[in-house]
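Participant: how would this look folded up:
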Amino acid sequence: MQQLTAQPIVVVGPTACGKSAFALEVAHQTDGVELLSIDSMQVYRGMDIGTAKPSVEEQGKVRHHLIDLVDPHESFTLVDFQTAHESARRDIQERNGIPLLVGGTGLYVRGVIDGLTPPPRFPEIVEQLENETQTESLHQRLSQIDPVGASRMENSNRRRIIRALEVTLGTGRPFSSFGPGLNNYPEVPYRILGIEIERTELDKRIEQRYQHQMAAGFLDEVRDLAQVELSVTAGQALGYKELLAHVRGDVSLDDALELAIQRTKRFARRQQRWFRRDPRVEWVPIDQLDALINEISLRL
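Facilitator: Next up is the predicted model:
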């Protein structure tokens, strides 16, 4: 095994493309690597199967960070994540290790590597907005006061729509006018690797992942979560949201799974578009990952 001396690495790409497996193999072959999950859902305890969280065995072989930070009923923001990341980074530094960041939550990745500062929060406005049960109506309202922001999100993405309205109404500025850093890609002390995968292959992997998760007890995990009041973010997690609807008797299991698969495929497309905009990402075809692992282990 080689001793790490080079810049830390960030591995990005859509869900189910093989990021975690790639990162684990790099860590196995290279001394000193510690993995940081950049995933907005793996922070929740008890949400293990549906988030494809590293297993206990995997965590025993390679040190992992930024998972199981809060309970599913607790709120957790980008700022909270940035704080947790900074603590983990210092912890790794004290052991003279090198962090390998891996995940598909684009905003969290940018928040960590670029230090983005999110707009302020206005809890009283959020409370008012939550009284509107029709998400499409909220999206229409956003379209009137921030058409640019509204065009960047689906009219069913309640969490993002409410956040955009919260900022726009609270600050008097369109939500889309914040975060100019998202369109700015400064030089950073990271090597950013993106896993490139064909759409048909990715779709197949998403379907297979749900099959494996169901066989592993995903539905039972959701039944347990249904006993508590989930935070808005946790309750919107892909797969969980649809299976929760089934557990509550709103849809059949087959329909819930089909909807989860379709939504996850659409989400994966959005992830690909998000990361494709970043010129700093070094894209690697999935069939070249083994060669890349060897190259990294020799270089680090």
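
Participant: name the helices or strands packed onto the helix or strand that contains residue 204?
Facilitator: Following DSSP states H and E, one finds residue 204 within helix 199-215. Helices and strands touching helix 199-215, by 3 or more CB pairs under 8 Å, 6 or more residues apart in numbering; DSSP states H and E, are helix 253-276. Using the backbone N, CA and C atoms, a C-beta is placed for each residue, glycine as well.

Participant: contacts for the helix or strand following the helix it packs on?
Facilitator: Counting by DSSP H and E, the next helix or strand C-terminal to helix 253-276 is strand 282-285. Contacting residues not belonging to strand 282-285 are listed as 191-197, 292 [CB atoms under 8 Å, 6 or more residues apart in numbering].

Participant: hmm, try it at 7 Å
Facilitator: With contact meaning CB atoms under 7 Å, 6 or more residues apart in numbering, strand 282-285 is reached by 191-196, 292.

Participant: could you give the mean pLDDT of it?
Facilitator: Strand 282-285 carries an average pLDDT of 97.

Participant: picking up where we left off before, and the helix or strand that the helix holding residue 204 is followed by, C-alpha only, in PDB?
Facilitator: Sequence order places helix 218-225 as the next helix or strand after helix 199-215, per DSSP H and E. The C-alpha trace of helix 218-225 is given here as PDB (Å, rounded to 0.1, in the frame of the first residue of the first chain):
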ATOM      1  CA  PHE A 218     -36.300  -1.800   2.900                       C
ATOM      2  CA  LEU A 219     -40.000  -2.000   3.500                       C
ATOM      3  CA  ASP A 220     -39.500  -3.000   7.100                       C
ATOM      4  CA  GLU A 221     -37.100  -0.100   7.500                       C
ATOM      5  CA  VAL A 222     -39.800   2.200   6.200                       C
ATOM      6  CA  ARG A 223     -42.400   0.700   8.500                       C
ATOM      7  CA  ASP A 224     -40.200   1.500  11.500                       C
ATOM      8  CA  LEU A 225     -39.700   5.100  10.300                       C
END
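
Participant: tell me what helix 218-225 is packed against?
Facilitator: Counting contacts by 3 or more CB pairs under 7 Å, 6 or more residues apart in numbering; DSSP states H and E, helix 218-225 packs against helix 240-247.

Participant: buried ones in the helix it packs on?
Facilitator: 240-247 (16 or more other CB atoms under 10 Å).

Participant: picking that back up, got the angle for the helix holding residue 204 vs helix 218-225?
Facilitator: Here helix 199-215 runs at an angle of 60 degrees relative to helix 218-225 (axes from the mean of the first three to the mean of the last three CA atoms, to 10 degrees).

Participant: Give me the distance from helix 199-215 to the chain's centre.
Facilitator: Distance of helix 199-215 from its chain centroid, counting by CA atoms, centre = their mean, to the nearest Å, is 17 Å.

Participant: between it and helix 253-276, how many degrees?
Facilitator: 130 degrees.

Participant: tell me which residues in helix 199-215 are buried?
Facilitator: Buried residues in helix 199-215, counted by 16+ other CB under 10 Å: 202-203, 205-206, 209-210, 213-214.

Participant: Repeat that for stretch 182-198.
Facilitator: Across stretch 182-198, burial judged by 16+ other CB under 10 Å covers 182, 185, 190-197.

Participant: Out of those residues, which is nearest to residue 87?
Facilitator: Set against residue 87, the nearest of the buried residues of stretch 182-198 by CB to CB is residue 190 (18.3 Å).

Participant: ok, the closest one - contacts?
Facilitator: Residue 190 neighbours (CB under 7 Å, 6+ apart): 7-10, 113.
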